[in-house]
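Trainee: Dropping the sequence and predicted coords here.
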Amino acid sequence: MRRTAWLAVTITVGIGVLLVWCVAFAPAWIVRHDIGVHGGFQLAAADRLNAVNDVRVVLLQGAAGLVALSGIGLGAVMTLRQIRVNREGQYIDLFARAIEQLSSEQVSVRHGGVYAMEQIAEAAPHYRGHVAALLASFVRQQAPWPPTRPLDEVDAERSRYTGGLRDDVGGAIAALSRRSMVLPGYSIELEKVDLRGAEMVDHNLSGFCFAGSNLDGANLAGCDLSHTTFADASLRNANLTGATLTDANLNGTDLTGATGIGTPPAPRHAPAT
């Protein structure tokens, strides 16, 4: 808003200077210059005055055109700025509603909130970092390890969903793995989360941090786990067939019974055209 105000002031001052120049100085100078170029003949006072007035009229007409164009340009700038402000307001409203959905007691509503967050990140790239951090926090709160409820209660709830995770938690991890909201160089912090038995085949989890998490029995076949941190995590009986573990941090990781470690990733074929 301040930049627009300065632009308006600058244009107004420029128009004022232009009008003063067109009325007071330019006409006489142009007439004198034109006479000097074309032989230096003298004009009678009345003829000179008429010439000056004619030049002034032409200059004022041109200045009026410039003023009109400036007004149109300034109006366009202000209109575009208002459009951006309105759009930003819409994003803020959508963001607030998505957060409200994520706080719901119903899994389906929370799952819808995850989807809404992903859509916001795709439509407004400057929100990607915020969305990624919020979804990571959501997973940590909804699937903590160790659980904040009795383990048998948690397991009974999880058994109702395919893929080993509730729809909202699984949806959040899937959204994060699609990288549409992960800023380059940033890590997704999923420390101390309960991902036992999670089906995450072919997920891009590069750079994620699962320190202290429980991924026992998780299916990570074909996953990109390069630069991923599993420090002090448990991957007992996990399936790592074809997973890329380049520069992964496995310090203190329990890999008892894990299968497929070191097997080369399956070739990824480009889709047929």
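Mentor: On my side now, so go ahead. Numbers count the residues shown, from 1 in each chain.

Trainee: show me where the protein has helices.
Mentor: Secondary structure of the chain by DSSP state H: the helices cover 2-20, 26-37, 45-102, 107-123, 128-142, 151-158, 167-177.

Trainee: what residue ranges in the protein score low on pLDDT?
Mentor: 1-52, 54-55, 59-60, 63, 66-67, 70-71, 73-78, 82-86, 162, 266-273 (pLDDT under 70).

Trainee: mind giving me the domain split of it?
Mentor: If you go by automatic domain parsing, the domain ranges for the chain are 1-38+48-77, 101-177.

Trainee: I am assuming R158 contacts D167, so please confirm or correct that.
Mentor: No - here R158 does not reach D167: they are 10.9 Å apart, not a contact under C-beta atoms under 8 Å. Placement of C-beta: from N, CA and C, glycine included.

Trainee: E191 and P150: what is the separation?
Mentor: Using C-beta to C-beta, to the nearest Å, we find E191 at a distance of 22 Å from P150.

Trainee: Show me which of the two is the more surrounded one.
Mentor: Remark: of E191 and P150, E191 carries more neighbours, 18 against 9, as counted by other C-beta atoms under 10 Å.

Trainee: How about the contacts made by P265?
Mentor: Contacts for P265 (C-beta atoms under 8 Å, 6 or more residues apart in numbering) come out as G222, G242, A243, T244.

Trainee: and what of L102?
Mentor: Contact analysis of L102 by C-beta under 8 Å, 6+ apart lists R110, G113, V114, M117, L134, F138, D168.

Trainee: Any figure for the gap between N214 and G171?
Mentor: Distance from N214 to G171, by C-beta to C-beta: 20 Å.

Trainee: sorry, that was for Y127
Mentor: In this structure, Y127 and G171 are 18 Å apart, going by C-beta to C-beta.

Trainee: and these two? which has more neighbours close in?
Mentor: G171 (23 against 20).

Trainee: I figured the more buried one hits G112, correct?
Mentor: No - judged on C-beta under 8 Å, G171 makes no contact with G112 at a distance of 9.1 Å.

Trainee: Just among the contacts of P265, which is most surrounded?
Mentor: A243 (27 neighbours).

Trainee: Without its sequence neighbours, what residue ends up closest to it?
Mentor: In this structure, A243 finds its nearest non-sequential neighbour in C223, 4.7 Å apart by C-beta to C-beta, 6 or more residues apart in numbering.

Trainee: The one you found: what's it in contact with?
Mentor: Taking C-beta under 8 Å, 6+ apart, we find C223 in contact with M200, V201, D202, H203, N204, L205, L240, A243, T244.

Trainee: from these, which single one is nearest L69?
Mentor: Closest to L69 out of the contacts of C223 is N204 (50.7 Å), distances taken as C-beta to C-beta.

Trainee: and that closest one, how many residues sit next to it?
Mentor: Residues within reach of N204, counting by other C-beta under 10 Å, total 17.

Trainee: again, but for the one 10 residues further on
Mentor: Under the neighbour criterion other C-beta under 10 Å, N214 is assigned a count of 23.

Trainee: Same question for L190.
Mentor: L190 - counted by other C-beta under 10 Å - has 26 other residues nearby.

Trainee: Could you shift the numbering so residue one becomes 30, and keep it that way?
Mentor: Noted, 30 is the first residue going forward, which turns the last one into L219.

Trainee: Ramachandran coordinates for the residue nearest to A272?
Mentor: Per-residue torsions, C252: phi -70, psi 150 (degrees, to the nearest 10).

Trainee: how close does it sit to P179?
Mentor: Distance, C252 to P179, by C-beta to C-beta: 30 Å.

Trainee: One more: A240?
Mentor: With C-beta to C-beta as the criterion, A240 and P179 are 25 Å apart.

Trainee: cool, and N280?
Mentor: 31 Å.

Trainee: Check I121 too.
Mentor: Noted for I121: a distance of 39 Å to P179, by C-beta to C-beta.

Trainee: same deal with G141?
Mentor: In terms of C-beta to C-beta, G141 sits 28 Å off from P179.
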